[in-house]
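A.B. asks: Can you look at this prediction? I've put the sequence above it.
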Amino acid sequence: MDNETTFDSSTNELQLLEFLVGEEFFGINIAKVSEIIRFTELTPVPSSPDAIEGVFMHRDKLVTVIDLHVVLGMSLKEDEHGEGLLIVCDFEQFSVAFHVCAVLGIKRLTWSSIEKPPSVSKSSDDSITTGMAKLDDKIIMILDFEKIICDLNLIEDYEQDNFENIDVPEELDLSKRLVIAEDSPFLCKVLMDALRNVGFKNVNSFYNGLEAWEYIKSKKGSPNLKNEVAAVISDIEMPQMDGHSLTRLIKEDKELANIPVFMFSSLIHENMRGRGDSAGADGQFARSQIGELITALTEHLTK
């Protein structure tokens, strides 16, 4: 699937793949989807969580299958076992397929039409829902797929990384304020914990690019701007305003243009790197590169 045609950061738009689990509607940014295939015969994985149905080989890759019915606490009818579709996604170094009932099509939306769901209004890092889209007469929930696969121990637990071993330059003022834009409460907490473990004392987090932009914009005219917004770390896909749009707004403002902006997303690949460079990002890091991100951040702030 060609991600080059499925995400337009210059217009703050996305294409959402709508799918059905049980009788509920869900969505995933199609930029995360490599392909959709019919359910296939699986090899069970002994002692694995109930949500992991098994594995199979696909295009010379080992793919782990996650049953979203189990993850979401929905029952799968007896006659539906072994049926449905698999949404295959590539997460950096491995592939995962999500077992769903049906795929209903692709919807083109603006990020501004994606809203914060009530379940994450208090930024609970236990939520697996990052946003909701009101479409026609229904609501489509957008899931936090990174949290799902992390909860199932399919990737290294971010929180177990020892970020205290990162060398922080002695001349770096760790009281400088950092701004995070991240719609996943889980990943926001991981990132904030990592920054605080390194020694940063002031970290402000925002649920989306729009909230972060309103905060940054409010600091214009401040004689202490370099300390009040020392750097921005932003996800790419977020409700209301995506990370590329946020970056572009910062870099096109003469007063704010020198603020370093680092992209932090599972969507970091060749095509997206080009879009990040075009928006003016000072660095781009995948989810597994928190250590590299923090190293780049500290080096940039001591220039």
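C.D. replies: That came in fine, so what should we check first?
A.B. asks: Please name every helix or strand in contact with the helix of greatest length in the chain.
C.D. replies: Ordering each helix of the chain by length in residues (DSSP state H) puts helix 185-198 first. If contacts are counted by 3 or more CB pairs under 8 Å, 6 or more residues apart in numbering; DSSP states H and E, helix 185-198 sits against helix 145-151, strand 177-181, strand 202-206, helix 290-301. Using the backbone N, CA and C atoms, a C-beta is placed for each residue, glycine as well.
A.B. asks: okay if I get these as CSV plus distance to residue 75 and mean neighbour count?
C.D. replies: CSV is the format used below for the helices and strands packed on helix 185-198 (distance: least, CB to CB, whole Å; neighbours: other CB atoms under 10 Å):
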stretch, distance to residue 75, mean neighbour count
helix 145-151, 18, 20
strand 177-181, 37, 24
strand 202-206, 36, 18
helix 290-301, 37, 18
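A.B. asks: Quick one, which of these gets closest to residue 50.
C.D. replies: helix 145-151 (12.2 Å; CB to CB).
A.B. asks: So what touches that closest one?
C.D. replies: 28, 32, 66, 71, 89, 91, 96, 98, 128, 155, 157-158, 184, 186-187, 266, 287 (CB atoms under 8 Å, 6 or more residues apart in numbering).
A.B. asks: which parts of the longest helix of the chain are buried?
C.D. replies: 185-195, 198 (16 or more other CB atoms under 10 Å).
A.B. asks: what stretches of the stretch 151-300 of the chain score poorly on pLDDT?
C.D. replies: 155-165, 270-271 (pLDDT under 70).
A.B. asks: Helices of that one, start to end?
C.D. replies: 185-198, 209-218, 225-228, 243-251, 270-279, 290-301 (DSSP state H, counting those that start in this stretch).
A.B. asks: any chance of the buried residues of helix 185-198 in a markdown table, plus distance to residue 230?
C.D. replies: A markdown table is the format used below for the buried residues of helix 185-198 (distance: CB to CB, whole Å):
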| residue | distance to residue 230 |
| --- | --- |
| 185 | 23 |
| 186 | 25 |
| 187 | 21 |
| 188 | 18 |
| 189 | 21 |
| 190 | 20 |
| 191 | 15 |
| 192 | 15 |
| 193 | 19 |
| 194 | 16 |
| 195 | 11 |
| 198 | 14 |
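A.B. asks: closest to residue 168 among these?
C.D. replies: residue 198 (5.9 Å).
A.B. asks: My read is that residue 260 contacts residue 282, right?
C.D. replies: Yes. With contact taken as CB atoms under 8 Å, residue 260 and residue 282 are classed as touching, separated by 4.3 Å.
A.B. asks: Show me whatever sits in contact with both of those two.
C.D. replies: By CB under 8 Å, 6+ apart, the residues touching both residue 260 and residue 282 are residue 300.
A.B. asks: need the contact list for residue 298.
C.D. replies: Residue 298 neighbours (CB under 8 Å, 6+ apart): 166-169, 172, 198.
A.B. asks: picking up where we left off before, export the helices of the stretch 151-300 of the chain to a markdown table and tack on distance to residue 118?
C.D. replies: Shown next, in a markdown table, are the helices of the stretch 151-300 of the chain (distance: least, CB to CB, whole Å):
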| stretch | distance to residue 118 |
| --- | --- |
| helix 185-198 | 13 |
| helix 209-218 | 17 |
| helix 225-228 | 31 |
| helix 243-251 | 24 |
| helix 270-279 | 30 |
| helix 290-301 | 29 |
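A.B. asks: Quick check, central residue of the protein?
C.D. replies: residue 265 (5.2 Å; CA atoms, centre = their mean).
A.B. asks: Kindly list the main-chain dihedrals of it?
C.D. replies: phi -160, psi 150 (degrees, to the nearest 10).
A.B. asks: Can you tell me how far the residue nearest to it when sequence neighbours are not counted is from residue 181?
C.D. replies: Leaving aside its sequence neighbours, residue 265 sits nearest to residue 236 (CB to CB, 6 or more residues apart in numbering; 4.1 Å). Look at residue 236 and residue 181: by CB to CB, to the nearest Å, they are 10 Å apart.
A.B. asks: who does residue 18 bridge with?
C.D. replies: residue 27, residue 105 (DSSP bridges).
A.B. asks: now that we have the contacts of residue 298, which one has the most neighbours?
C.D. replies: The most crowded member of these, judged by other CB atoms under 10 Å, is residue 198 (20 neighbours).
A.B. asks: so what's residue 39 up against?
C.D. replies: Residue 39 neighbours (CB under 8 Å, 6+ apart): 82-86, 99.
A.B. asks: Filter the residues you listed down to the buried ones, ChimeraX style.
C.D. replies: Filtering the contacts of residue 39 down to the buried ones (16+ other CB under 10 Å) takes a single ChimeraX command:
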select :84,85,86,99
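A.B. asks: Going by distance to residue 59, which of the contacts of residue 39 wins?
C.D. replies: Looking across the contacts of residue 39 and measuring by CB to CB, the closest to residue 59 is residue 86, at 12.8 Å.
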